[in-house]
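[1] Need the 3D shape of this:
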Amino acid sequence: MKQSFLENKINPLMFIFILAVLLLIFPSFIRHAQDNSIMVGEAYYDLRISNSIIEGKLLNFDSLQERTYDVNLYHLILSGLNLFMSPILIYLFVPFILGVLSLILFWLILKKFNVEKNVLFFVLFIYVLSPIFLFLFTNLNKYSIVVVLSLASFLMFLSKKPLLSILTLIFIPLIDFSSFIIILLMILIYAFLKDKLKQWNYLLIISTITTLISIFILNLSVTFEFLIKKPAFGELWTSFGALIGLSIFTLFLAFLGFASLWKKKRTFLFFNISFIMFLIISMFNDPAKIIFNFFISGLAGYAFYLLISRNWAIITIKKFTILLIFCSLIFSTSVYVNGVTSSQPNKELVDALEFLKYYEAPSLFETEVVFSHNSYGFFIEYFANKKSFLDTNSIKDDNYDLMNNVSNEIFYSRNLDDTELLLRDNNIQYFLVTDEMKKGFVWKKPDEGLLFLFQSSNKFLKIYDQPGVQIWSYSNFVI
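    Take a look at the predicted model:
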């Protein structure tokens, strides 16, 4: 009797679990070893908002950034956790727990589809190595919770527990409306293909009611332009720097699995249709990209299993092929891990912004605005407790195009009079400049635009100068 591939050689689930644990803690361990904060990116916006909720400063207006704030269940959850845990513990343990839960839920869903044990190992292996898995669970974000809720809702659906499925599903639009649309679409496609749509009519009714509650009672500003964003090829792939990105090689492997299942398209119709549909939608929608990753993992894992288990005429070619697959998978993972461990904020940036928080000097404006690249906006707001001229959320503002044009004019203008007019009109008092900005992130030449004005005009004073970071202050009188 032929032995299964993994039988008596390895406990596949234990191997996957250990691998997942190592991958989830590794980026935080490296950042801590470098004396950097374990939190990155949008986590600082979420933490600032949750702190404001606890302090009672935030209802539906963000006073620091002077913009409307839409109530979000994710921030309410964070504010609740903040009452019992420090931010470090929240961002260290909560995403880890959610990552393990997602792995367990995905495994249970695969078992519902009667996926073979050997295939199951490779599917989970590729899922754990996927850049999206690392994005979701190495640092807490709203999608971390959304994915676990989505998997739980779909599992309850498959388990014929409609009430539990709906109760889980209704929380999703309170966190991210776009994700709610995507997961609801997937469930309805499965129900339609399995002739279960009639018994799920009330799912549509309750989902519609939940959506209306989310929009009108909680004042969520849902605009369909954010459900479908402008496609950009580079934003699809981790190797091109995408934050929520796919592995090109894993997608290629998934296409091999898709082609293998096409002959059995009647049996695997749900997977084939979903794969094609989410392939298209993921070009325009980040939550769709996250859900698409599960289908990629499933089909790529199946293809990987077929390549390993088939009979090869030349064993050397088989070994080389397996090695190539392993190296390609690990390459995509390492690229993302390296990006996380080296991303901002580093210690130098945090020190600079904390200096600015307590810096005391005569101010020109009632509200002091800090000007920098918009990717530093959340850090400025959290560490310096000052308004950032632009941040990543500014793209949602009605006047974003105007503000972005002003930002570009300030960055690249060498005309002092024109620049001063823009600074006074926008209450810009301070400028955060990093080496990244001076090495291609914003400027390409040492005397380009604003850098030239810093050097040639007495209207600007360098108040902080440490390796990697400088802060300048503007005055409307000659210093």
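[2] element containing the closest residue to Glu368 other than its chain neighbours, please.
    In space, Glu368 comes closest to Gln429 once its chain neighbours are excluded; the distance is 4.2 Å by CB to CB, 6 or more residues apart in numbering. Backbone N, C-alpha and C define where each C-beta goes, glycine included. Gln429 belongs to strand 428-434 when assigned by DSSP states H and E.
[3] Give the other helices and strands that that strand contacts.
    Packing contacts for strand 428-434, counted by 3 or more CB pairs under 8 Å, 6 or more residues apart in numbering; DSSP states H and E, involve helix 347-358, strand 369-371, helix 450-456, strand 469-474.
[4] tell me the contacts of the residue nearest to Glu368?
    Each residue near Gln429 by CB atoms under 8 Å, 6 or more residues apart in numbering is listed here: Ser363, Leu364, Phe365, Glu368, Val369, Val370, Ser473, Tyr474.
[5] Tell me where the stretch 1-150 of the chain has strands.
    Assigned by DSSP state E, counting those that start in this stretch, the stretch 1-150 of the chain shows strands spanning 61-62, 67-68.
[6] Phe154: which of the contacts of Gln429 is nearest?
    Looking at the contacts of Gln429 and their distance to Phe154, the nearest is Val370, at 43.5 Å (CB to CB).
[7] Isn't the closest one up against Ile380?
    Yes: look at Val370 against Ile380 with CB atoms under 8 Å: they come within range, at 4.8 Å.
[8] If you count surrounding residues, which of these two has more?
    Neighbours of Val370 and Ile380, each counted by other CB atoms under 10 Å, are more numerous for Ile380; the result is 30 against 22.
[9] Determine the number of other residues adjacent to the residue nearest to the more buried one when sequence neighbours are not counted.
    With sequence-adjacent residues excluded and distances taken as CB to CB, 6+ apart, Ile380 is closest to Ser388, at 4.2 Å. For Ser388, the number of neighbouring residues by other CB under 10 Å comes to 25.
[10] and of the helices and strands packed on strand 428-434, who's closest to Thr168?
    Across the helices and strands packed on strand 428-434, closest to Thr168 is helix 347-358 (CB to CB), at 37.5 Å.
[11] how far off strand 428-434 does the closest one point, in degrees?
    Interaxial angle of helix 347-358 relative to strand 428-434 (axes from the mean of the first three to the mean of the last three CA atoms, to 10 degrees): 170 degrees.
[12] what helices or strands is helix 347-358 leaning on?
    Other helices and strands packing on helix 347-358, by 3+ CB pairs under 8 Å, 6+ apart, are helix 377-379, strand 428-434, strand 460-466, strand 469-474.
[13] For this protein, give me the ranges with low pLDDT.
    Low-confidence segments of the chain, defined by pLDDT under 70, are located at 1-10, 58-59, 195-236, 239-242, 265-267, 476-479.
[14] rerun at 50
    Under the criterion of pLDDT under 50, the regions of the chain flagged as low confidence span 1-5, 8, 219-226, 477-479.
[15] the domain parsing of the chain - what is it?
    Taking automatic domain parsing as the reference, the chain has its domains at 12-341, 347-474.
[16] Out of the contacts of Gln429, which comes closest to Ala303?
    Of all the contacts of Gln429, Val370 has the smallest distance to Ala303: 49.5 Å, by CB to CB.
[17] What's the separation between that closest one and Leu390?
    Per CB to CB, to the nearest Å, Val370 is found 10 Å from Leu390.
[18] same deal with Phe294?
    Here the distance between Phe294 and Leu390 works out to 34 Å (CB to CB).
[19] for Val433, same thing?
    Going from Val433 to Leu390 by CB to CB gives 15 Å.
[20] re the thing from before, could you dump the helices and strands packed on strand 428-434 to CSV with distance to Asp62?
    Rendered in CSV, the data for the helices and strands packed on strand 428-434 read as follows (distance: least, CB to CB, whole Å):
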stretch, distance to Asp62
helix 347-358, 18
strand 369-371, 14
helix 450-456, 27
strand 469-474, 23
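[21] nearest to Val21, of these?
    Ranking the helices and strands packed on strand 428-434 by proximity to Val21 (CB to CB) places helix 347-358 first, at 26.5 Å.
[22] How about the contacts made by Glu354?
    Residues counted as contacts of Glu354 (CB under 8 Å, 6+ apart) are Phe383, Ala384.
[23] now do 6 Å
    With contacts defined as CB atoms under 6 Å, 6 or more residues apart in numbering, the neighbours of Glu354 are Phe383.
[24] Equivalent analysis for Ala20, please.
    With contacts defined as CB under 6 Å, 6+ apart, the neighbours of Ala20 are Leu103, Val128.
[25] mind listing the helices in the stretch 151-300 of the chain by residue range?
    Counting by DSSP state H, counting those that start in this stretch, the segments of the stretch 151-300 of the chain that form helices are 162-169, 177-193, 201-212, 248-262, 269-281, 286-309.
[26] Highest mean neighbour count out of the ones you listed?
    Sort those by mean neighbour count, taking mean count of other CB atoms under 10 Å, and helix 286-309 sits at the top with a mean of 24.
[27] what is the orientation angle of that helix with helix 269-281?
    Computed with the same axes, to 10 degrees, the direction of helix 286-309 lies at 130 degrees from that of helix 269-281.
[28] could you point out which element follows helix 286-309?
    Trace forward from helix 286-309 with DSSP H and E and the next one is helix 315-341.
[29] what about that next one, distance to the chain center?
    Centre-to-centre, helix 315-341 and its host chain are 23 Å apart (CA atoms, centre = their mean, to the nearest Å).
[30] still on that earlier bit, may I see the helices of the stretch 151-300 of the chain arranged in CSV, with distance to Ile16 as well?
    What follows is those, written out as CSV (distance: least, CB to CB, whole Å):
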stretch, distance to Ile16
helix 162-169, 24
helix 177-193, 24
helix 201-212, 32
helix 248-262, 16
helix 269-281, 21
helix 286-309, 11
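[31] Those: which one's closest to Asn408?
    The stretch from these with the least distance to Asn408 (CB to CB) is helix 286-309; that distance is 25.5 Å.
[32] The closest one to helix 177-193, inter-axis angle?
    In terms of direction (the same axes, to 10 degrees), helix 286-309 departs from helix 177-193 by 50 degrees.
[33] Now do helix 286-309: which elements does it pack against?
    For helix 286-309, the helices and strands in contact under the criterion 3 or more CB pairs under 6 Å, 6 or more residues apart in numbering; DSSP states H and E are helix 117-129, helix 177-193, helix 248-262, helix 269-281.
[34] Present those as TSV; the columns should include distance to Phe84.
    Conversion of the helices and strands packed on helix 286-309 to TSV gives the following (distance: least, CB to CB, whole Å):
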stretch	distance to Phe84
helix 117-129	29
helix 177-193	27
helix 248-262	38
helix 269-281	37
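[35] Can you give me the distance of Ile308 to Glu409?
    Taking CB to CB as the criterion, Ile308 is separated from Glu409 by 57 Å.
[36] same question, Leu169
    On the measure of CB to CB, Leu169 and Glu409 end up 46 Å apart.
[37] same check, this time on Ile314
    With the distance defined as CB to CB, Ile314 ends up 63 Å from Glu409.
[38] ditto for Gly80
    Going from Gly80 to Glu409 by CB to CB gives 43 Å.
[39] Which one's more surrounded, the two?
    Residue environment comparison for Gly80 versus Glu409 gives the larger neighbour count to Glu409, 16 against 13, counting by other CB under 10 Å.
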